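In: predicted coordinates and the sequence they were generated for:
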Amino acid sequence: MNTTIDCRSALYMPAVQERVLAKGPKLAADAIILDLEDAVAPDVKELAREAATTALKELDYGYRIRALRINGNATPWFADDVAAAMQARPDALVLPKVESAADIHALNELMDKQPEAADMAIWAMVESPMAVLNAHAIAKCVQDCPRLSLLVVGSNDLARESNMPISADRTLLLPWLMSFIAAARAYGLNILDGVCNDFADEARLRQECLQGVAMGMDGKTLIHPAQIAIANEVFAPSASAIEDAGVIVATFAEPQNEALGVVKINGRMVERLHLDMAKQLLARADRLAERN
Ligand SMILES: CC(C)(COP(=O)(O)OP(=O)(O)OC[C@H]1O[C@@H](n2cnc3c(N)ncnc32)[C@H](O)[C@@H]1OP(=O)(O)O)[C@@H](O)C(=O)NCCC(=O)NCCSC(=O)C[C@H](O)C(=O)O
Ligand SMILES: [Mg+2]
């Protein structure tokens, strides 16, 4: 699994607004998703494609992952979006409304023909009941398309397609989110949670981020800059988790524990698998600290 993605926060930016795109390099999001799809009206798709291409070529986004959300396979804009992406060279192409393995294969075949796409990842958006049913087949695609690296939950489309309004606690959505997570983890993919539309409601966002962490999400997609700090905070290792990991590493390093497979720390069983997890957590905390 590519656990080094370190994407706690991925901010959508409607590509039609050049002024908004110019903000990307100054925002603390771990990923920027320049959007050509649902945030862009049909009659300005070309304009948005041009603005996104220019931004990706000219702006320095530093450590941030530069993702471009193209329009879906079945739309009239798909082929031109992919062609523009070859010029713009984002780090990842976000494919919306993926419902089957065939959707990913179709994009992957186009990308395989382009040398510019050699290092470009595919992020697959899962946002319909059909994607829930086909989550396994979608994630399994990575075996033939190694550029598939991440699933992105699209909760707005999921709610629309399933006729299920998103409640504040997302209770009824959770089984579907967990099936996306199981599929992602089974095939070594990362996964980002869907957006919280109420961008002025910090408490709700924090609650959704905490829920995402509890479920095993890697990070959250966002719609507004005001949401970045909370996602970055909640999806980063907490101070107590860092302290705990430090104690685990130090305990196993003690001479009397070096040959042991399991130790006791504060009344808790700790195995070597926890040591591996502790080391990974500390390495991630170090990488994020450098970024901050
Ligand atoms: C929701 C918004 C339309 C609100 O915009 P606005 O009215 O401009 O808000 P503010 O006045 O509070 O903005 C303050 C400043 O921040 C800038 N801003 C706002 N949003 C962004 C952003 N996303 N990226 C960068 N900068 C942003 C404003 O320009 C203001 O700057 P300034 O004027 O200089 O002070 C707006 O936030 C927005 O359009 N958000 C993104 C919407 C979007 O991309 N939607 C599509 C993805 S969501 C989705 O559908 C996922 C999935 O497919 C699913 O199905 O769920
Ligand atoms: Mg959507």
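Out: On my side now, so go ahead. Ligands and ions are numbered 1, 2, ... in the order given.
In: got the contact list for the single longest helix found in the chain?
Out: Longest helix of the chain, by residue count under DSSP state H: helix 272-291. Contacts with helix 272-291, where a contact means Cβ atoms under 8 Å, 6 or more residues apart in numbering, come from 3-4, 6, 8, 30, 63, 236-237, 241-242, 244-246, 248-249, 252, 261-262. Yep, even glycine has a C-beta here, placed from its N, CA and C like the rest.
In: from those residues, which ones fall inside strands?
Out: Here DSSP state E is the test, and those give residue 262 as lying in strands.
In: buried subset of the contacts of helix 272-291 as a PyMOL selection?
Out: Per 16 or more other Cβ atoms under 10 Å, the buried members of the contacts of helix 272-291 correspond to this PyMOL selection:
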select buried, resi 6+8+30+236+237+242+244+245+248+252
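In: considering only the contacts of helix 272-291, which also neighbour ligand 1?
Out: Among the contacts of helix 272-291, no residue sits close to ligand 1 (Cβ under 6 Å from any ligand atom).
In: near ligand 1, which residues of this protein?
Out: Within the chain, the positions adjacent to ligand 1 are 11-14, 20, 23, 35, 38-39, 96, 127, 154-157, 194-195, 223-225 by Cβ under 6 Å from any ligand atom.
In: so where do the helices sit in the stretch 51-200 of the chain?
Out: For the stretch 51-200 of the chain, applying DSSP state H, counting those that start in this stretch gives helices covering 78-88, 101-112, 129-133, 135-140, 155-162, 174-186.
In: so which of the residues of the chain next to ligand 1 are also by ligand 2?
Out: Subset of the residues of the chain next to ligand 1 in contact with ligand 2: 127, 154, 157, counting by Cβ under 5 Å from the ion.
In: correct me, but the last one touches residue 130?
Out: Put plainly, it is residue 157. No. Contact criterion Cβ atoms under 8 Å: residue 157 and residue 130 do not qualify, at 11.1 Å.
In: looking at those two, which is more packed in?
Out: residue 157 (18 against 15; other Cβ atoms under 10 Å).
In: look at that one and report its pLDDT.
Out: If you check residue 157, the pLDDT there is 97.
In: for residue 1, same thing?
Out: 37.
In: of the residues of the chain next to ligand 1, just the buried ones, PyMOL syntax please.
Out: Restricted to buried positions by 16+ other Cβ under 10 Å, the PyMOL selection for those reads:
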select buried, resi 11+12+13+14+20+35+38+39+96+127+154+155+157+194+195+223+225
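In: restricted to strands, list the residues of the chain next to ligand 1.
Out: Judged by DSSP E, strands contain the following of those: 11, 12, 13, 14, 35.
In: can you pull up the bridge partners for the second one?
Out: By that I understand residue 12. Taking DSSP bridges, one obtains residue 33 as the residues bridged to residue 12.
In: run through the residues that contact the residue of the stretch 1-150 of the chain found nearest ligand 2.
Out: Using Cβ to the ion, the closest approach of the stretch 1-150 of the chain to ligand 2 is made by residue 127 at 4.8 Å. For residue 127, the contact set (Cβ under 8 Å, 6+ apart) comprises 96, 97, 153, 154, 155, 156, 157, 158, 161, 194.
In: can you list those in CSV and add distance to residue 144?
Out: Converted to CSV, the contacts of residue 127 look like this (distance: Cβ to Cβ, whole Å):
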residue, distance to residue 144
96, 21
97, 20
153, 23
154, 23
155, 28
156, 29
157, 25
158, 26
161, 26
194, 27
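In: neighbours around the closest residue to residue 80 other than its chain neighbours, how many?
Out: Nearest non-adjacent residue to residue 80, counting by Cβ to Cβ, 6 or more residues apart in numbering: residue 49, 6.6 Å away. A count of nearby residues for residue 49, using other Cβ under 10 Å, gives 26.
In: isn't residue 49 right next to residue 81, touching?
Out: Yes. When contacts are counted by Cβ under 8 Å, residue 49 is listed as touching residue 81 (6.2 Å).
In: what sits in contact with each of these two?
Out: Both residue 49 and residue 81 are in contact with residue 36, where contact means Cβ under 8 Å, 6+ apart.
In: export the ones in strands among the residues of the chain next to ligand 1 as TSV, with columns for distance to residue 266 and pLDDT.
Out: Formatted as TSV, those follow (distance: Cβ to Cβ, whole Å; pLDDT from 0 to 100):
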residue	distance to residue 266	pLDDT
11	39	98
12	42	98
13	45	97
14	49	97
35	47	98
